[in-house]
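Engineer: structure here, sequence nowhere to be found:
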């Protein structure tokens, strides 16, 4: 038997976060079940098929699933789900803040749209960058989007600020790692200053000084997580013109990776 797209542990985590259904005093068509809609969204994320080709067996049309993805993104459901799963890892002692890694990856944006720009590594074709920061084990902590022609160093601070406050026991929620590893693209005084302002020790490779043979000693985990995101076929190439829809897919992909980390370590 194939695995369900929406497992019980995922459903239990997301149910409290879903907005309440609006009342229909004049009646109307019955609302599609949220769990069926979530299954359709995850199927599109994993398979990469167009919305209109979503099989009828899911019980929801592709357009209904698209609207549910949009509405839940507006309500902050995906970001809240990501934070809840990070807190589960933290409570189990499997979220390592001692060392974090940051990197980016550019993908093609076939239809253009917001947060796209000419990709200098792809003959100027439209593209989008994903900027990702992960903990020591590669668990995604924060993610941001930018046009493909924006320099990586300009997105260091926004990516660090994208890390949600993760509660663990008493005290303030934590959202800052102890150290941050980054490659030579971030070798700027501004990047080191931004780390100091956030009380983060920067371990940024220096151009012309550090050897490339040992640069990936700690940073390989972020490259692996970026590869994990590309396993979701809807994220390998950007087809959405709307940045919020693509961002919803990216955050959901990060949440599913966190869920896999929970099953792996907890």
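Structural biologist: Arrived safely. Model, not experiment: these values are computed from the prediction.
Engineer: who touches stretch 189-208?
Structural biologist: Stretch 189-208 is contacted from outside by 153, 156-157, 160, 176-184, 186-187, 215, 218, using CB atoms under 8 Å, 6 or more residues apart in numbering. C-beta: built from backbone N, CA, C; applies to glycine.
Engineer: name the residues of the helix or strand bottoming out on mean pLDDT in the chain that are buried.
Structural biologist: Scoring the helices and strands of the chain by mean pLDDT, DSSP states H and E places helix 216-230 at the bottom, with a mean of 91. Across helix 216-230, burial judged by 16 or more other CB atoms under 10 Å covers 219, 221, 222, 223, 225, 226, 228, 229.
Engineer: ok so residue 115 is a strand residue?
Structural biologist: No - assigned with DSSP: H, G, I helix; E, B strand; the rest coil, residue 115 falls outside any strand and is coil.
Engineer: hang on, residue 218 packs against residue 98?
Structural biologist: No - at 10.7 Å, residue 218 and residue 98 do not qualify as touching, with contact defined as CB atoms under 8 Å.
Engineer: the strands in the stretch 51-200 of the chain, which residues?
Structural biologist: Ranges of strands within the stretch 51-200 of the chain are 100-108, 117-118, 126-134, 140-147, 179-182, based on DSSP state E, counting those that start in this stretch.
Engineer: what do residue 218 and residue 98 both touch?
Structural biologist: Common contact partners of residue 218 and residue 98 (CB under 8 Å, 6+ apart): residue 136.
Engineer: in the longest helix anywhere in the chain, what's buried?
Structural biologist: When the chain is parsed with DSSP state H, its longest helix is helix 243-265. Neighbour-count burial for helix 243-265, counted by 16+ other CB under 10 Å, picks out 243, 245-259, 261-262.
Engineer: run the chain-centre distance for that helix.
Structural biologist: In terms of CA atoms, centre = their mean, to the nearest Å, the centre of helix 243-265 is found 5 Å from the chain centre.
Engineer: counting contacts, what elements does it pack onto?
Structural biologist: Under the contact definition 3 or more CB pairs under 8 Å, 6 or more residues apart in numbering; DSSP states H and E, helix 243-265 sits against helix 8-14, helix 34-47, helix 62-74, helix 77-91, strand 140-147, helix 216-230, helix 233-236.
Engineer: in terms of mean pLDDT, which of those ranks lowest?
Structural biologist: Note on the helices and strands packed on helix 243-265: lowest mean pLDDT is at helix 216-230, with a mean of 91.
Engineer: quick one, what contacts the closest residue to residue 120 other than its chain neighbours?
Structural biologist: Distances taken as CB to CB, 6 or more residues apart in numbering put residue 149 closest to residue 120, at 6.1 Å, once the chain neighbours are dropped. By CB under 8 Å, 6+ apart, residue 149 lies in contact with 117, 118, 119, 120, 127.
Engineer: the third one contacts residue 146, correct?
Structural biologist: No - Residue 119 lies out of contact with residue 146 (CB under 8 Å); the separation is 11.6 Å.
Engineer: relative to helix 34-47, how tilted is the longest helix of the chain?
Structural biologist: With axes from the mean of the first three to the mean of the last three CA atoms, to 10 degrees as the basis, helix 243-265 and helix 34-47 are set at 90 degrees to each other.
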